[in-house]
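Q: what shape does this take:
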Amino acid sequence: MPVAKSSGRDFIAEQCEGFLRGCALLNDRLPELLFSRLSQLLLDGAAAGLALFLAFQLRFDGAVPLRYRPIMLTWLAGMVVLRPVCIWLLGAYASIWRYFNLRDLFSLSLGAALPSVLLLFARIALARTFPVMAVPISIVVIDLGLFLLLAATLRALRRAGFEHSRITTAHRHRALLLGTGDTLAAGVRQVSLQGDIELVGLLSPDKKLHGRTIAGFPVMGLRDTLPAVLVNHFVDIVFIAEAKLDGIAEIVQATTQFGAEVRLLPSAANIMRGDVRISAQLNPEHVLNGPNPPLEKPHPAVVSGFEGRDVLITGAGGSIGSEISRQVSRLGVNKAILLDRDENSIFELQNELTEIGSPSKIVPIVGDIRDRHQLQRIFERHRPEVVLHAAAFKHVGMMEQNPCEAVLNNVMGTRHVAELAIEFEARRFVMISTDKAVRPTSVMGATKRLAELLVRRMATSPNGHTSQIACVRFGNVVGSRGSVVPIFLRQIAAGGPVTITHEEMTRYFMTIPEAVQLVMQASTLTSDGTIYTLDFGDPLRITHLAHMLIEMSGLRPNKDIKIQFVGVRPGEKLHEQLWYEDSHVTRTAFARVLAVESLPVRSIERELKELEQGALTRQDDLVLQLLRDMPLDFRVETSRAMIA
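A: Numbers count the residues shown, from 1 in each chain. Here you go, the predicted model:
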């Protein structure tokens, strides 16, 4: 008998599964027009007519007397229009059929009952005066029941087809759901909408539920059956739908021992009571919603400037360099030469570009821009026509402690790349600079300012070169390694506190893809050492940014996550500038790229050689003194002075 009972259940389950597949197939093949509001009205009208016709047939055993036929035809024509109109007037068509539930059924019943009430009133009050009103009362009741059955079936089929069509054909994660009666019912509704999850059963400590089903899924005991269910059903994920379930620690331990993952699926009551804390995982690139949306397509001038050319990107493994590499590879360049001294970054970037099917030839090179001989061989072999120089040491705090390395990389390395670009007649050379180069208060900013002056001197030197040479100043880019946004997100994920150096500190922000798109535009402009800056909009207070990140994570600043001010660090400024006060700033052919013309500075040839020599011999004090003596406006300021 148990075997026969089990076989019967399997047969029913197979038939249900086949029916659902049919609904899903029909749902996919029917045009979306059939699910419009007008189509719903027409379907309900047809259901109303069919329900009344069947009601007469049932009442008279399929043989409607002649005297009732005119009555049937009259009310058939009336109900086809009247019933959908009443449902529409009561707002029942505002519900979405693919999410049809009991509340929607109640609204549908109210709208459908109104014509039946009117018909019943006409039958009682007007039948003697108007024979056409003499509809048998039993037909009124049968008609309402049949219509509700037909209309609810239409909606249920739409929902069943929609939910089954979401089931992915790829690998589905087999899941268990743990909880109490109410939380299990709510959890089933949430999980059923995920096409890549296959729910295999429900577990509950409530003995009253054992052996019962919720939404068709059997409810089993929790303590004794969990290990067996995990093994027998090959469970991948266990969802806990009740945050205050007794013995969660033991459940998690048992689940992980069998190789399954544990996820908390809190109910609304858990959230309202504060039993759980909800924290969203933010993508750093989605944090800023400024007035300037990212550009969608490359400008035609950018495409023509890069298409078919060989392009060298230094620092290609970094946050900015890797995005430059991605965008360059999509422009149809002949060859993208990716140079970085971090082999892992270059390896990952090469794989990424290969996987997305980049049409360009990708040439990964592990090397250092401080190695002049290696750079010489790279230029001799590949002869790049465009050089995008993104390699630099950018972390302010680290460079304060390693000034010689900052000079060797940011100054000497830049000199090597720029000189070779000119020597091998590259069409364009663009150096990525920073807003910290304006009135620098850090070693990093001072070396980048010196690199700007160096590049400008090379561009204007009378040696007959034809290269277009430029610098582009960045502000802070959201999501780059070591920038403030990823740090804040890690601190929020760890439960805080979020640390800020000063309450009044501000920075210019832009997303990496957006900034790189503008750099690509600037690289096409005619330049002779021109310094470009990007239109970053207004600076953003770091404190406001921290508040925004905490709130976007679903938490409350200074309640769920504390904000702590730790003081300005060496080399930091409270407020950055994009250009000097005496600079002449003009618009370019691109709306968000600005040209900055500054007053010329005296020759720095002698100090530059001495600076590089001091850095090569690792004389930190000498390097710092030389940076202060050079015309870089480099100064170390107090926080009070920096506010001014």
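
Q: downstream neighbour of the helix or strand where Ser322 lies in the secondary structure list?
A: Using DSSP states H and E, the element containing Ser322 is helix 319-329. Once the chain leaves helix 319-329, the next helix or strand it forms, by DSSP H and E, is strand 335-340.

Q: tell me the mean pLDDT for that next one?
A: For strand 335-340, mean pLDDT is 94.

Q: stretch 563-575 too?
A: Mean pLDDT, stretch 563-575: 77.

Q: swap in stretch 58-71?
A: Stretch 58-71 shows a mean pLDDT of 83.

Q: so how far is the first residue of that stretch from its last?
A: 16 Å (CA to CA, to the nearest Å).

Q: just how off-centre is it within its chain?
A: With CA atoms, centre = their mean, to the nearest Å as the basis, stretch 58-71 stands 63 Å off its chain's centre.

Q: cool, and stretch 138-154?
A: 46 Å.

Q: buried ones in that stretch?
A: Buried residues in stretch 138-154, counted by 16 or more other CB atoms under 10 Å: Ile139, Val140, Ile142, Asp143, Leu144, Leu146, Phe147, Leu148, Leu150, Ala151, Ala152, Leu154. Where you see a C-beta, it was placed from the backbone N, CA and C, and this is true even at glycine.

Q: the helix holding Ser322 - contacts with which helices or strands?
A: strand 310-314, strand 335-340, helix 343-355, helix 512-522 (3 or more CB pairs under 8 Å, 6 or more residues apart in numbering; DSSP states H and E).

Q: show me where the stretch 151-300 of the chain has its helices.
A: 181-192, 226-232, 248-257, 268-273, 300-306 (DSSP state H, counting those that start in this stretch).

Q: would you format those helices as JSON lines with distance to Val328 included?
A: JSON lines is the format used below for the helices of the stretch 151-300 of the chain (distance: least, CB to CB, whole Å):
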{"stretch": "helix 181-192", "distance to Val328": "43"}
{"stretch": "helix 226-232", "distance to Val328": "49"}
{"stretch": "helix 248-257", "distance to Val328": "45"}
{"stretch": "helix 268-273", "distance to Val328": "46"}
{"stretch": "helix 300-306", "distance to Val328": "6"}
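
Q: residues contacting Leu375?
A: Gly367, Ile369, His416, Val417, Leu420 (CB atoms under 8 Å, 6 or more residues apart in numbering).

Q: now with 6 Å?
A: His416, Leu420 (CB atoms under 6 Å, 6 or more residues apart in numbering).

Q: now do Cys404
A: Contacts for Cys404 (CB under 6 Å, 6+ apart) come out as Ala615, Arg618, Asp620, Val623.

Q: quick one, the helix holding Ser322 and strand 335-340 angle?
A: Going by axes from the mean of the first three to the mean of the last three CA atoms, to 10 degrees, helix 319-329 is angled at 170 degrees with respect to strand 335-340.

Q: before we move on, back to that, which among the contacts of Cys404 end up buried?
A: Here, 16+ other CB under 10 Å leaves Ala615, Asp620, Val623 buried among the contacts of Cys404.

Q: can I see the domain layout of this structure?
A: Using automatic domain parsing, the domain parsing of the chain gives 18-165, 173-273, 300-306+392-476+510-536+579-635.

Q: ok, which stretches of the stretch 151-300 of the chain are strands?
A: 173-178, 197-203, 213-214, 217-220, 237-240, 261-264 (DSSP state E, counting those that start in this stretch).

Q: ok, which of these comes nearest Gly495?
A: Counting by CB to CB, Gly495 lies closest to strand 261-264 out of those; the figure is 15.8 Å.

Q: picking up where we left off before, among the helices of the stretch 151-300 of the chain, which gets the worst mean confidence?
A: Of all these, mean pLDDT reaches its minimum on helix 268-273 (a mean of 61).

Q: let me have the helices of the stretch 151-300 of the chain in CSV, extended by distance to Phe239 and mean neighbour count.
A: As requested, the helices of the stretch 151-300 of the chain are arranged in CSV below (distance: least, CB to CB, whole Å; neighbours: other CB atoms under 10 Å):
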stretch, distance to Phe239, mean neighbour count
helix 181-192, 6, 18
helix 226-232, 13, 15
helix 248-257, 11, 14
helix 268-273, 13, 13
helix 300-306, 48, 17
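
Q: ok, which of those comes nearest Leu126?
A: Ranking the helices of the stretch 151-300 of the chain by proximity to Leu126 (CB to CB) places helix 181-192 first, at 46.5 Å.

Q: re the thing from before, quick one: which of the contacts of Cys404 sit in helices?
A: Within the contacts of Cys404, residues falling in helices by DSSP state H are Ala615, Asp620, Val623.

Q: what would those look like in JSON lines with pLDDT and distance to Arg602?
A: What follows is those, written out as JSON lines (pLDDT from 0 to 100; distance: CB to CB, whole Å):
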{"residue": "Ala615", "pLDDT": "92", "distance to Arg602": "21"}
{"residue": "Asp620", "pLDDT": "91", "distance to Arg602": "25"}
{"residue": "Val623", "pLDDT": "91", "distance to Arg602": "20"}
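
Q: using JSON lines, lay out those together with distance to Ala228.
A: As requested, those are exported to JSON lines (distance: CB to CB, whole Å):
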{"residue": "Ala615", "distance to Ala228": "68"}
{"residue": "Asp620", "distance to Ala228": "67"}
{"residue": "Val623", "distance to Ala228": "69"}
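
Q: of all the residues you listed, which comes closest to Arg309?
A: Set against Arg309, the nearest of the ones in helices among the contacts of Cys404 by CB to CB is Ala615 (33.8 Å).

Q: so, low pLDDT: which residues of the stretch 201-350 of the chain?
A: 222-224, 243-249, 266-296 (pLDDT under 70).

Q: buried sites along the one helix or strand Gln374 maps to?
A: Using DSSP H and E, the element containing Gln374 is helix 372-382. For helix 372-382, a neighbour-count test (16+ other CB under 10 Å) marks Gln374, Leu375, Ile378, Phe379, His382 as buried.

Q: what about the second one, distance to His389?
A: Counting by CB to CB, to the nearest Å, the gap between Leu375 and His389 amounts to 11 Å.

Q: helix, strand, or coil at Phe429?
A: strand (DSSP: H, G, I helix; E, B strand; the rest coil).

Q: what is the burial count for it?
A: The local packing of Phe429 (other CB atoms under 10 Å) involves 28 other residues.

Q: which residue packs closest to it, ignoring adjacent ones?
A: Spatial nearest neighbour of Phe429, excluding adjacent residues (CB to CB, 6 or more residues apart in numbering): Ala421 at 4.2 Å.

Q: quick one: neighbours of that neighbour, just the number.
A: 28.

Q: what sits against Phe100?
A: Residues counted as contacts of Phe100 (CB under 6 Å, 6+ apart) are Arg155, Arg159.

Q: run the last query once more with 10 Å
A: With contacts defined as CB atoms under 10 Å, 6 or more residues apart in numbering, Phe100 is in contact with Leu108, Ala152, Leu154, Arg155, Ala156, Leu157, Arg158, Arg159, Ala160, Phe162.

Q: could you pull up phi and psi at it?
A: phi -60, psi 130 (degrees, to the nearest 10).

Q: from Cys86, how far out is it?
A: For Phe100 relative to Cys86 (CB to CB), the value is 19 Å.

Q: could you do Pro440 as well?
A: As for Pro440, its distance to Cys86 is 75 Å (criterion: CB to CB).

Q: before we move on, the earlier item: which of the buried residues of helix 372-382 sit farthest apart?
A: Gln374 and His382 (12.3 Å).

Q: shared neighbours of the two, anything?
A: Counting by CB under 10 Å, 6+ apart, the shared contacts of Gln374 and His382 are Leu339, Ile365.

Q: helices of the stretch 451-600 of the chain, start to end?
A: 484-493, 512-522, 542-552.

Q: so which of the ones you listed is nearest Ala134?
A: Among these, the nearest to Ala134 by CB to CB is helix 542-552 (66.2 Å).

Q: in the closest one, what counts as buried?
A: Neighbour-count burial for helix 542-552 flags Ile542, Thr543, Leu545, Ala546, His547, Met548, Leu549, Ile550 (criterion: 16+ other CB under 10 Å).
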